[in-house]
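Trainee: When you get a sec, could you give me coordinates for this:
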Amino acid sequence: MFSACQYGSVDNTGTRADSDSTTIHIAVLPTAECQPFYVAQQRGLYDSLGISVCLDTFFAAMDADTAFMNNQVQLLISDSLKARYLNRLVQKDSIVSIISDTLRLSMMTGKPTRIKSINSLKEKIIAVTRNSAIDYFADQTMDKAKIKREYLNRPQINNIALRADMLNLNQFDGAILPEPFATQCEALGAYRINSTKEPLMRVLVKSSVMKKRKQDIQKIIEAYSIAKHVE
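Mentor: Below is the predicted model:
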């Protein structure tokens, strides 16, 4: 499902492999929330609507954020907490949300740790991504367990696949993961001790880009809506 961009990609130096100014680049992650964008690409919905779209896949949200802030991509799949954070950083512009949807996250713990309840999280090490819905979910979990938030150790592991691999290798007590990574880790023996399903997912665009590419962006929204109902 998570196919490579058919038009171009960001290489290791951060430069764009293609120079087609008519193409809209969307920074996506290999998560369930981004699946409708891949479905739209594979079903030819963008072509049928007359727009050129490239899906640039990143495994670390921070890398996707950087590409977005540096104007290497025009749209960013993110969350409401990250939107607020990025809006504080952007200069002479603003960031707006064009799509809102459900975000699914789970706090997973490794089998050897024997942490099967959020009540056992005090002074444990749970890998996260900061300034995002993941950090927010960690706070909410600690509040639910009635443990002070500062008692949770939170190493920042930005790469989702690496975070999942490190959990499976028991390199820390647990990790907060999106789908399908949470389910994959569960199949390998990890425990799902808390989950959330909230309307926190956002598709972000800068106001300056929205003004210039409004019609194309409306078509992307249309393609997303169609792809959401494709089996």
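Trainee: In contact with Leu89, which residues?
Mentor: Met69 (C-beta atoms under 8 Å, 6 or more residues apart in numbering). Where C-beta positions appear, they are placed from N, C-alpha and C, glycine not excepted.
Trainee: How confident is the prediction for it, by pLDDT?
Mentor: Reported pLDDT at Leu89 in the predicted model: 94.
Trainee: how close does it sit to Lys122?
Mentor: Leu89 sits 33 Å away from Lys122 when distances are taken as C-beta to C-beta, to the nearest Å.
Trainee: likewise Leu86?
Mentor: 32 Å.
Trainee: same check, this time on Ile160
Mentor: 26 Å.
Trainee: Tell me how the chain divides into domains.
Mentor: Domains of the chain are assigned by automatic domain parsing as 24-102+201-227, 103-198.
Trainee: Quick one: distance of the first one to the chain centre.
Mentor: Distance, stretch centre to chain centre, for domain 24-102+201-227: 11 Å (C-alpha atoms, centre = their mean, to the nearest Å).
Trainee: Between the two ends of that domain, how far is it?
Mentor: Taking C-alpha to C-alpha, to the nearest Å, domain 24-102+201-227 runs 18 Å from one end to the other.
Trainee: ditto for the last one
Mentor: Using C-alpha to C-alpha, the span of domain 103-198 from its first residue to its last is 6 Å.
Trainee: Looking at it now, give me its mean pLDDT.
Mentor: In this model, domain 103-198 has an average pLDDT of 96.
Trainee: what's the spacing between that domain and its chain's center?
Mentor: On C-alpha atoms, centre = their mean, the centre of domain 103-198 falls 15 Å from the chain's centre.
Trainee: what about the strands in this protein?
Mentor: For the chain, applying DSSP state E gives strands covering 24-28, 53-57, 75-79, 95-109, 126-127, 174-178, 191-206.
Trainee: I'd like to check which residues are in contact with Ser78.
Mentor: Ala61, Ala64, Asp65, Leu86, Ser132, Met201, Arg202, Val203, Leu204.
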